[in-house]
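Participant: build me a model:
(2 chains)
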2 protein chains.
Amino acid sequence: MRELKAFQAKLYHNIPLVKQMQLAIQNICSNKITAFAPIAPNINDKATVFGGSSAALMTICGWSLIKYQLESFQVDNDVVIHQSKVDWNQAQTDDLIITAKIKSDINWPDIISRLKEKNRAFRIKIQCEVLNQKQQICSQMLGSYAVLKK
Amino acid sequence: MRELKAFQAKLYHNIPLVKQMQLAIQNICSNKITAFAPIAPNINDKATVFGGSSAALMTICGWSLIKYQLESFQVDNDVVIHQSKVDWNQAQTDDLIITAKIKSDINWPDIISRLKEKNRAFRIKIQCEVLNQKQQICSQMLGSYAVLKK
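Facilitator: Numbering: from 1, shown residues only, chains lettered A, B, ... in the order given. From the prediction side, this is the model:
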């Protein structure tokens, strides 16, 4: 829990837009992250969630899921998003629940040893969603991220 | 020019994230928009442009291109993004030039009369790019937007 707070504090410090969107990470496990963001800083002209905000929030949640895991193994390789596909299904008028899940089975210790011993880059696909307070999916993103060589 | 300033002021008022990203629209014509954003409010942990910022900036530029044209014909139908595909090609370490172009030939007077007289929704594809100060494409987005019925 302390690690999660420290991770989020670093996120706010390093990426000012994440602070502005008031992303609050609630939980991270090995293959899933759950977060919250209020609608107020993410609102648009129609008093619904700005599509750019939901895309940016999903982008950072997918990234955080990978980065947090790497850091828990004392690995500090850079992580970047290189491709995404977003669908906005319905307008959202309330606060955002953001989730991101790793698409396929993943064995972190194997990946870590590949990174540390062989210094090989790898890619990982993450499925992200933004839900409203009724748990309806308002937007979703399939993001492909790269963990870079050192 | 005065209309452009008023349009941007409304954008800042209605969508706080756009103000935060310091998007500055430079020019809009019937099929293209050009804008600028400084890197500082859009930076990430690697001191490069945050992927979520570039996606959000392209999202709003494509939207603005359509919305501005509609408003110039006194049409106030809502415009929403419903799908996008983004590619981040290279890391960007300087200020952002954002462009958005309508993908196919478009006849605005025809579209306006379709909206006004027949009240038909329609979709429009926009190709967006973020360039660095050397005019290299750092990220690109194909966005599909819907102009909604009233």
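
Participant: what's the local residue count around the closest residue in space to residue A:120 that isn't next to it in sequence?
Facilitator: Residue nearest to residue A:120 in three dimensions, not counting chain neighbours: residue A:114, with 5.4 Å by C-beta to C-beta, 6 or more residues apart in numbering or on different chains. Backbone N, C-alpha and C define where each C-beta goes, glycine included. Residue A:114: 15 surrounding residues under other C-beta atoms under 10 Å in any protein chain shown.

Participant: helix/strand/coil for residue A:114?
Facilitator: Classification of residue A:114 using DSSP: H, G, I helix; E, B strand; the rest coil returns helix.

Participant: cool, and residue A:134?
Facilitator: coil.

Participant: how about the residues of chain A by chain B?
Facilitator: Residues of chain A found near chain B (C-beta under 8 Å from any C-beta of the partner chain) are A:10-11, A:14-18, A:20-21, A:40-46, A:50-53, A:55-57, A:59-60, A:63, A:78, A:80-88, A:91.

Participant: list the buried ones in stretch A:101-114?
Facilitator: The neighbour-count check on stretch A:101-114 (16 or more other C-beta atoms under 10 Å in any protein chain shown) flags A:101-102, A:108, A:111-112 as buried.

Participant: so what's the gap between that stretch and the chain middle?
Facilitator: Remark: stretch A:101-114 is offset 16 Å from the chain centroid, using C-alpha atoms, centre = their mean, to the nearest Å.

Participant: also stretch A:129-136?
Facilitator: Here stretch A:129-136 is found 16 Å from its chain centre; the criterion is C-alpha atoms, centre = their mean.

Participant: check stretch A:139-150 too.
Facilitator: With C-alpha atoms, centre = their mean as the basis, the mean position of stretch A:139-150 lies at 9 Å from the chain mean.

Participant: any idea which element the most centrally placed residue in chain A lies in?
Facilitator: Nearest to the mean C-alpha position of chain A, by C-alpha atoms, centre = their mean, lies residue A:61 at 1.1 Å. Assigned by DSSP states H and E, residue A:61 falls within helix A:51-72.

Participant: ok, whichever helix or strand comes after that helix: who's next to it in the sheet?
Facilitator: Following helix A:51-72 in sequence order, the next helix or strand is strand A:79-88 (DSSP H and E). Strand pairing for strand A:79-88, using DSSP bridges, gives strand A:137-147 (antiparallel), strand B:79-88 (antiparallel).

Participant: any idea of the mean pLDDT in the helix or strand just after the shortest one?
Facilitator: So the one you mean is strand B:79-88. Counting by DSSP H and E, the next helix or strand C-terminal to strand B:79-88 is strand B:96-102. Strand B:96-102 shows a mean pLDDT of 98 in the predicted model.

Participant: what do you get for stretch A:51-59?
Facilitator: 98.

Participant: off-centre distance for it?
Facilitator: The mean C-alpha position of stretch A:51-59 is separated from the chain mean by 10 Å, C-alpha atoms, centre = their mean.

Participant: for it, buried residues please.
Facilitator: Counting neighbours by 16+ other C-beta under 10 Å, one finds that the buried residues in stretch A:51-59 are A:51-59.

Participant: cool, stretch A:9-29 as well?
Facilitator: A:11, A:15-23, A:25, A:28.

Participant: so which of these belong to helices?
Facilitator: Residues of the buried residues of stretch A:9-29 located in helices (DSSP state H): A:11, A:16-20.

Participant: got a markdown table for these, with pLDDT too?
Facilitator: Listed next are those as a markdown table, based on pLDDT from 0 to 100:
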| residue | pLDDT |
| --- | --- |
| A:11 | 97 |
| A:16 | 98 |
| A:17 | 98 |
| A:18 | 98 |
| A:19 | 98 |
| A:20 | 98 |
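
Participant: now distance to residue A:133 too, for those residues, in TSV please.
Facilitator: As requested, these are exported to TSV (distance: C-beta to C-beta, whole Å):
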residue	distance to residue A:133
A:11	24
A:16	27
A:17	23
A:18	21
A:19	23
A:20	22
